[in-house]
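J.: Next come a sequence and a model predicted from it.
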Amino acid sequence: MRVFVRADFNVPTDDAGAITDDRRIRGALPTIESLLARGASVVVASHFGRPAGTGFEAGESLRPVFERLRQLLAGKAEVLFAGKVPTDAETQAAVAALRPGQVLLLENLRFEKGEKKGDAAFAAALAGYGDLYVNDAFGASHRADASMVALPRAMHAKGAPAVAGRLLEKELRFLGDALEHPKRPFVAVVGGAKVSDKLQALANLLDKVDVIVVGGAMAYTFLRAEGVSTGISLVEPDMVERARAIMHDARARGRTIMLPVDHVCGRALAAGTETAECVGGIPDGWMGLDIGPRSRTQFADALRPAGQVVWNGPMGAFETKPFDAGTLAVARAVAEATAHGAVTIAGGGDTAAALDAAGLADALTHVSTGGGASLEMLEGKRFESVDALDPA
């Protein structure tokens, strides 16, 4: 049997093209290895970056992913790579020649314009590459790309199964159970730059959580709504009223929203900038770039007794020292809660990167491979790509 696996290998790379975080590649290995162990040949496909969709682009090639996948499967399977675009003659020939125990990684799906457009004809061409379709791309499951939605439908049209892979099942189970059957107290930690990015998630979480801890630049919009001075911190003026409404709604429902009470401030978001600790409001000419020591203590105290924690977004500009201290303190507090029996789930690329920086990624119950997908689950959205699969 030849199996088509849709993975999410859209991994971060540095300026030289080297992969800086291979979590998504490693996350797909259990599915691939399980299929190989049962005698299958495996065709793996993914998008990568933001190509124009007009053909091969060297800078957006999946070749670095191929090299890493070949390393990870060394001694277990022969990994091949073919073609300039997923449906060219060279790729078709490589698929036809694939033998049991071999893995063929296709070139970037987005080299063909039909992928982003959800094109049925492109999906039908991909459907010819497998006797079974496996969606193991949680990180892309909120998208309606051809390989995510039209392809499983094309497989069904020819009488072939379309199922979830092990990584997708794991992601849906952890995040789904966390929202539908939470352990109490349920604490959500929400950070990042913009309230507008997290508005729907916050509204959905108010029905489910006991406490919401808010950090990152988005906290300054909430503080502005509370009448606290924010200096030159990043604030979304058009979101102030919405933030005020969320705070009012939370109080009416008996929920607690915790905001920073002190801040590590800078004159600018830059390494080496002048810094100061600000308690309460932030003076003119200063911007809040991290939560301060009192806030770190308060946030940790809220996390310590948690039965469940969902964390999405850093507490400050953690990529630039010394504005990483708050995010690292929260990472340690979440890890401590895990050690005391809490179910802890982190989502979002920045959150995962912060956990890696703290050396604590393995100390949580689950670190999601999906950024936008995990956020949309927190918003309560359904995924068309998952609905297109066979019932479990």
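T.: Received the coordinates, thanks.
J.: Tell me how far the one helix or strand Ala188 maps to lies from the chain's centre.
T.: Assigned by DSSP states H and E, Ala188 falls within strand 186-190. Strand 186-190 sits 16 Å away from the centroid of its parent chain (CA atoms, centre = their mean, to the nearest Å).
J.: What does Thr54 show for phi and psi?
T.: The phi and psi values for Thr54, taken as degrees, to the nearest 10, are phi -120, psi 20.
J.: I figured it was touching Lys113, is that so?
T.: Yes - in this structure, Thr54 is within contact of Lys113 by CB atoms under 8 Å, at 6.8 Å. (Glycine included, C-beta is placed from N, CA and C.)
J.: returning to that earlier point: identify all contacting residues around the strand holding Ala188.
T.: Strand 186-190 has contacts (CB atoms under 8 Å, 6 or more residues apart in numbering) with 198, 201-202, 205, 208-216, 218, 299, 302-303, 306-313, 330, 334, 378.
J.: and the helix or strand that that strand is followed by, what other elements does it pack with?
T.: As assigned by DSSP H and E, the chain's next helix or strand after strand 186-190 is helix 195-205. Helix 195-205 is packed against strand 186-190, helix 218-225, helix 240-252, strand 308-312, helix 372-378, with contacts defined by 3 or more CB pairs under 8 Å, 6 or more residues apart in numbering; DSSP states H and E.
J.: who wins for proximity to Ala82 among these?
T.: helix 372-378 (28.6 Å; CB to CB).
J.: any idea of the mean pLDDT in the closest one?
T.: In this model, helix 372-378 carries a mean pLDDT of 89.
J.: what sits up against that helix?
T.: 138-142, 171, 175-176, 179, 188, 197-198, 201, 204-205, 310, 312, 347-348, 368, 383.
J.: In the next helix or strand after it, which residues are buried?
T.: Where DSSP H and E defines the elements, the next helix or strand beyond helix 372-378 is helix 384-387. Of the residues in helix 384-387, Ser385, Val386 count as buried by neighbour count, 16 or more other CB atoms under 10 Å.
J.: Domain ranges for the chain, per the record?
T.: As assigned by automatic domain parsing, the chain contains the domains 2-164, 171-378.
J.: Mean neighbour count and distance to Ala388 for those domains - can I get that in TSV?
T.: Formatted as TSV, the domains of the chain follow (neighbours: other CB atoms under 10 Å; distance: least, CB to CB, whole Å):
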stretch	mean neighbour count	distance to Ala388
domain 2-164	19	4
domain 171-378	20	14
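J.: mind checking which of the ones you listed is nearest Asp387?
T.: Taking those one by one with CB to CB, domain 2-164 is closest: 8.8 Å.
J.: tell me the mean pLDDT for that closest one?
T.: Rounded mean pLDDT across domain 2-164 is 97.
J.: Need the distance between the two termini of that domain.
T.: One end of domain 2-164 to the other measures 16 Å (CA to CA, to the nearest Å).
J.: and that domain, how far out from the chain's middle?
T.: For domain 2-164 - counting by CA atoms, centre = their mean - the centre lies 19 Å from the chain centre.
J.: again, but for stretch 248-264
T.: Using CA atoms, centre = their mean, the offset of stretch 248-264 from its chain centre is 25 Å.
J.: now stretch 163-175
T.: With CA atoms, centre = their mean as the basis, stretch 163-175 stands 14 Å off its chain's centre.
J.: what does that stretch rub up against?
T.: With CB under 8 Å, 6+ apart, stretch 163-175 has contacts from 5, 27-28, 30-31, 34, 132-138, 141, 310, 345, 347, 365-366, 368-370, 373-374, 377-378, 386, 389-390, 392.
J.: show me where pLDDT drops low in the stretch 251-392 of the chain?
T.: The stretch 251-392 of the chain contains residues with pLDDT under 70 at 392.
J.: Appreciated, that's everything.
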